[in-house]
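Trainee: no FASTA, just this:
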């Protein structure tokens, strides 16, 4: 099985301070699958899963703060376990060491998916626990292209984590409990967030109407990365809070001034697995980001909820638009007598005509009266 591991940690050896652990790493390579991944959904979890990543004596977990806010509106997935069980999320970690009990030179590599590029995280094993080179001080930073399940009804996001820390503690059963921490460059965070938000909203627009109104500012019923890129709310949520590339600590240093990265921290569990996925768990259908059961497309159709426009279908009942043409769900329309697209009620709201009094709405702009009773983050009725 081909592995692509970047050599940045080795190149940094000559300039690394004495307390940095760098390669070459020796000993057996132990392979583990990530069989559990938990994102912070509360302020307490944000603190627990974060770390002082920039040396300012405060816990950093900027992405965690965003997720704990979005979780209130059910926009953060709770189905990571189902994605792992189906194989839609298949991440592994390799530990190279001469001893899993104690070693002064250990290399840990995180593969978001098989064959992904990664840079080894150096560190030490003390009493069975792996202590990585700290992000706040290392000159030999780790890196990984992680796959992180964030938004509901959306695929795991491909996110490159720089300044990577992986802290591991034995679980007493041959595996490890651990934390993944580091930074996400601003452009990377925005691109991933925009892709996930669009996929989430378009997959189940009726479940995310309040959020869709926050990002579809021109009320044309369309969402695009270009539109989201200028959204003040998202720019505020994804505001960088780390400067990992200050001076020449992380070489080569990009031409960046100020804070350039969004901090991240989440929990994982590792189970030893020499090859494959080593999983017997049964995923919950309709939430595992795979086509299974009688679904006609990913997590929709058949016994699951109806599919969005453009998805595969077998009959009209498989589609939100109640129309299946040539095995593809028909596009949404303002005159098809069903609530579809970003409509707040049948054929009204969003880019359709304003809704009449008593009809459902998520924003004043959904109503012919320009008066929606919806509270912040909720659905209401036109007054």
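Mentor: That came in fine, so what should we check first? Because the structure is a prediction, the values reported are computed rather than measured. Residues are numbered from 1 along each chain as shown.

Trainee: would you list every one of the helices in the stretch 151-300 of the chain?
Mentor: 186-203, 209-215, 225-228, 232-237 (DSSP state H, counting those that start in this stretch).

Trainee: Now tabulate these in TSV and tack on mean neighbour count.
Mentor: The way it works is simple: take the backbone N, C-alpha and C, and place the C-beta from them, glycine included. Converted to TSV, the helices of the stretch 151-300 of the chain look like this (neighbours: other CB atoms under 10 Å):
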stretch	mean neighbour count
helix 186-203	20
helix 209-215	21
helix 225-228	14
helix 232-237	13
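
Trainee: tell me, which of these is the model least confident about?
Mentor: Lowest mean pLDDT within the helices of the stretch 151-300 of the chain: helix 225-228, at a mean of 75.

Trainee: Show residues contacting that helix.
Mentor: Helix 225-228 has contacts (CB atoms under 8 Å, 6 or more residues apart in numbering) with 191, 193, 194, 195, 197, 198, 215, 216, 217, 218, 234.

Trainee: how about 10 Å then?
Mentor: 190-191, 193-195, 197-198, 215-218, 220, 234-235 (CB atoms under 10 Å, 6 or more residues apart in numbering).

Trainee: now, among those, which is nearest to residue 333?
Mentor: Residue 333 has its nearest neighbour among those in residue 220, at 14.6 Å by CB to CB.

Trainee: What does the pLDDT read for that closest one?
Mentor: According to the prediction, residue 220 has pLDDT 80.

Trainee: Check residue 285 too.
Mentor: 92.

Trainee: which of the contacts of helix 225-228 sit farthest apart?
Mentor: Checking the contacts of helix 225-228 with CB to CB, the most distant pair is 191 and 220, at 22.1 Å.

Trainee: angle of the longest strand along the chain against helix 186-203?
Mentor: Counting by DSSP state E, the longest strand found in the chain is strand 157-170. Relative orientation of strand 157-170 and helix 186-203, computed by axes from the mean of the first three to the mean of the last three CA atoms, to 10 degrees: 110 degrees.

Trainee: Relative to the whole chain's centre, how far out is strand 157-170?
Mentor: 13 Å (CA atoms, centre = their mean, to the nearest Å).

Trainee: can you check stretch 63-78 too?
Mentor: Centroid separation for stretch 63-78 versus its chain: 11 Å, with CA atoms, centre = their mean.

Trainee: Going forward, the N-terminal residue is numbered 773.
Mentor: I'll keep to 773 as the first residue from here, and by that count the last item is stretch 835-850.

Trainee: thinking again about what came up before, in TSV: the contacts of helix 997-1000, plus distance to residue 826.
Mentor: What follows is the contacts of helix 997-1000, written out as TSV (distance: CB to CB, whole Å):
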residue	distance to residue 826
962	20
963	23
965	22
966	26
967	27
969	27
970	31
987	30
988	35
989	33
990	37
992	40
1006	23
1007	21
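
Trainee: can you tell me which of those residues lies nearest to residue 812?
Mentor: residue 965 (16.0 Å).

Trainee: Skipping adjacent residues, who's closest to that closest one in space?
Mentor: residue 1010 (6.0 Å; CB to CB, 6 or more residues apart in numbering).

Trainee: Kindly confirm whether my reading is correct that the one you found touches residue 968.
Mentor: No - with contact defined as CB atoms under 10 Å, residue 1010 does not reach residue 968; the gap is 11.7 Å.

Trainee: State the number of residues packed around residue 1089.
Mentor: 11 (other CB atoms under 10 Å).

Trainee: Report whether it is found in a strand, as I expect.
Mentor: No - using DSSP: H, G, I helix; E, B strand; the rest coil, the assignment for residue 1089 is helix, not a strand.

Trainee: Identify the residues contacting residue 870.
Mentor: Neighbours of residue 870 in contact, by CB under 10 Å, 6+ apart: 797, 798, 799, 800, 876, 877, 878, 897.

Trainee: Just send these back as TSV, with secondary structure, distance to residue 908 and neighbour count too.
Mentor: Below are the contacts of residue 870 laid out as TSV (DSSP: H, G, I helix; E, B strand; the rest coil; distance: CB to CB, whole Å; neighbours: other CB atoms under 10 Å):
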residue	secondary structure	distance to residue 908	neighbour count
797	coil	22	21
798	coil	27	12
799	coil	27	15
800	strand	30	10
876	strand	21	12
877	strand	21	18
878	strand	19	26
897	strand	21	22
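
Trainee: And the furthest pair within these?
Mentor: Farthest pair in those, by CB to CB: 800 and 876, 16.1 Å.

Trainee: before we move on, the earlier item: could I get the buried residue list for the longest strand of the chain?
Mentor: 929-940, 942 (16 or more other CB atoms under 10 Å).

Trainee: And the strands in the stretch 973-1122 of the chain, which stretches?
Mentor: 1033-1044, 1096-1097, 1100-1101 (DSSP state E, counting those that start in this stretch).

Trainee: residues near residue 850, how many?
Mentor: With other CB under 10 Å as criterion, residue 850 counts 14.

Trainee: cool, the one 10 residues further on as well?
Mentor: Residue 860 has 20 neighbouring residues, counting by other CB under 10 Å.

Trainee: can you tell me how far it sits from residue 921?
Mentor: Remark: distance between residue 860 and residue 921 (CB to CB, to the nearest Å) = 9 Å.

Trainee: Need the overlap of contacts for the two.
Mentor: With CB under 10 Å, 6+ apart as the test, residue 860 and residue 921 both reach 851, 852, 854, 927, 928, 1061.
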